[in-house]
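>>> predicted structure and sequence below. I'll ask about it afterward.
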Amino acid sequence: MNVLVTGGTGYIGSHTCVELIKAGHKPIALDNLCNSSVESLNRVRTITGEEVPFIKGDVCDEKLLHEIFARHDIDGVIHFAGLKAVGESVEKPLDYYQNNLGSTMSLCRVMSAHNVKKFIFSSSATVYSGDNEMPLRETSKTGNCTNPYGWTKYMCEQILRDIVKADPEWSVVLLRYFNPVGAHQSGLIGEHPNGIPNNLMPYISQTAIGKRDHLNVYGNDYDTHDGTGVRDYIHVVDLARGHVAAVNYMQDHKGESVFNLGTGHGYSVLDMVHAFEEANGVKVPYEIAPRRPGDLGTCYADPTKSREVLGWEAEFNQVDMCRDTWNWQSKNPNGYDE
Ligand code: NAD
Ligand code: UD1
């Protein structure tokens, strides 16, 4: 399939381009580079031996989208492009609603005009309401999001559901990611957050390499085995393969479907710190700090539906996640910058 990959130069998008190529699909990347570098696609070429056609532009630009769909024979779209920093979304809600909802609506409008109706959306476990029992199933309650970023994912899911209701020719797959971590085994592509990382794994690896003095562990009084927050970390290559499974599924399924992409295993903050130290022979100094507002104690997936319906399940373990994160970090201390 020829797949338009919006956000294709980003963290998950670049790994997905690699897995799409390996599975015989043809990705075309569209990105405005607001949070990424086109160098990631040069690295994808080194890994796969194939060039990913790249278009620099904004997914909210409908004129550009019409040109892309007129020029390329696109069969389906994976929509990764979006803003994703939770704290920033609280400070700049309009930017988040405009970009994340606007891009999704523009894309669907133009796709419809060109009769392309296969769509995979990057959603998040953040759409689940905080009062659910664990593990989270696709049928668990959604809503009560704690920040504008989370609401953009919730609202995009609703918009996409309504599009399918109005036109059953659409195939829409909503993928709810748990906590993506790690990097490609080659160490050529990975995640390089701008500024101080918000998420745990980049903070751990930047502490290990000496860029940060110590890790703040946000809370040790949760109802978990060691008091620190528990999450479902998933290797980004497994996540990327989940998208390939969704592309294959959408070729002969219409309507709307939703899948969790997680491992089903929960690890605490201190489990991750210790695993990282052991896997890589490095030290990660940490201090216990107050809870971070909006955090849950425990969050992990029930991945049964993805296994049974998509035929996908995560293959990499906690050691792989820690080793590959460090391999990327130590080979590229400044990300894609020289
Ligand atoms: P990323 O920032 O690395 O990738 C997103 C890409 O989209 C970037 O390359 C950015 O330049 C591009 N972009 C943003 N707005 C754009 C626009 N209007 N037009 C064109 N390009 C635009 O982030 P990622 O971690 O790869 O996340 C990909 C998707 O997955 C996002 O939608 C994110 O919200 C979602 N997601 C990520 C996580 C995570 O922990 N990384 C978890 C759940 C969901
Ligand atoms: C966060 C976002 C979520 C987003 C996801 C993307 C919040 C409240 N939630 O999820 O919306 O979809 O990132 O991956 O921001 N931790 C520390 N010290 C740190 C960083 C994190 O102790 O410096 C802890 C957190 O308290 C949490 C765990 O590590 O228990 C994971 O945190 P993080 O990587 O930020 O992911 P989430 O909070 O699950």
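Perfect, I can see it now. Ligands and ions are numbered 1, 2, ... in the order given.
>>> which pLDDT value belongs to D232?
Here the pLDDT value assigned to D232 is 98.
>>> these two touch, right, it and S124?
No. Assessed by Cβ atoms under 8 Å, D232 is found out of contact with S124, at 11.9 Å. Where you see a C-beta, it was placed from the backbone N, CA and C, and this is true even at glycine.
>>> higher neighbour count, those two?
Using other Cβ atoms under 10 Å as the criterion, D232 and S124 rank with D232 on top: 26 against 22.
>>> OK, contacts around the spatially closest residue to N260 that is not a sequence neighbour?
Spatial nearest neighbour of N260, chain neighbours left out: A301 (4.2 Å); criterion: Cβ to Cβ, 6 or more residues apart in numbering. Residues near A301 by Cβ atoms under 8 Å, 6 or more residues apart in numbering: 125, 135-136, 176, 178, 232, 260-264.
>>> contacting residues around the nearest residue to P53 once chain neighbours are set aside?
Leaving aside its chain neighbours, P53 sits nearest to I28 (4.7 Å; criterion: Cβ to Cβ, 6+ apart). I28 makes contact with 2-5, 8, 52-55, 68, 72, 74 under the criterion Cβ under 8 Å, 6+ apart.
>>> and if you look at S306?
Counted by Cβ under 8 Å, 6+ apart, S306 has contacts 242, 245, 259-261, 312-313.
>>> ok, back up a step: in CSV: the contacts of A301, plus distance to T46 and secondary structure.
Output for the contacts of A301, formatted as CSV (distance: Cβ to Cβ, whole Å; DSSP: H, G, I helix; E, B strand; the rest coil):
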residue, distance to T46, secondary structure
A125, 32, helix
P135, 38, coil
L136, 37, strand
R176, 31, strand
F178, 29, coil
D232, 31, coil
N260, 32, strand
L261, 26, strand
G262, 30, coil
T263, 28, coil
G264, 33, coil
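>>> list buried residues within the residues you listed.
125, 135-136, 176, 178, 232, 260-264 (16 or more other Cβ atoms under 10 Å).
>>> can I get those residues in CSV with distance to V110?
Formatted as CSV, the buried ones among the contacts of A301 follow (distance: Cβ to Cβ, whole Å):
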residue, distance to V110
A125, 29
P135, 37
L136, 33
R176, 25
F178, 31
D232, 34
N260, 29
L261, 26
G262, 32
T263, 35
G264, 37
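>>> just these now: which is nearest ligand 2?
A125 (6.5 Å; Cβ to the nearest ligand atom).
>>> all strands for the stretch 151-300 of the chain, in order.
For the stretch 151-300 of the chain, applying DSSP state E, counting those that start in this stretch gives strands covering 171-177, 179-181, 215-218, 230-231, 233-235, 255-261, 267-268, 286-289, 298-299.
>>> least trustworthy helix or strand in this protein by mean pLDDT?
helix 86-91 (a mean of 95; mean pLDDT, DSSP states H and E).
>>> need the contact list for R176.
123-125, 127-128, 138, 258-261, 301 are the contacts of R176 under Cβ under 8 Å, 6+ apart.
>>> hang on, the earlier thing: so the least confident helix or strand of the chain, near ligand 2 or not?
Yes. Under the criterion of Cβ under 6 Å from any ligand atom, ligand 2 is reached by helix 86-91 at V86.
>>> please apply the same query to stretch 265-273.
Yes. Counting by Cβ under 6 Å from any ligand atom, ligand 2 is contacted by stretch 265-273 at V269.
>>> quick one: the helices in the protein, in order.
11-22, 39-48, 62-71, 86-91, 93-96, 102-113, 148-166, 200-208, 236-251, 269-280, 304-305, 318-331 (DSSP state H).
>>> tell me which of these is the most buried.
Ranked by average neighbour count under the criterion mean count of other Cβ atoms under 10 Å, the helices of the chain are headed by helix 11-22 at a mean of 26.
>>> what's near enough to touch whatever residue of the chain ends up closest to ligand 1?
For the chain and ligand 1, the shortest gap (Cβ to the nearest ligand atom) falls at G10, measuring 2.2 Å. The contact partners of G10, by Cβ under 8 Å, 6+ apart, come to 31, 35-36, 40, 80-81.
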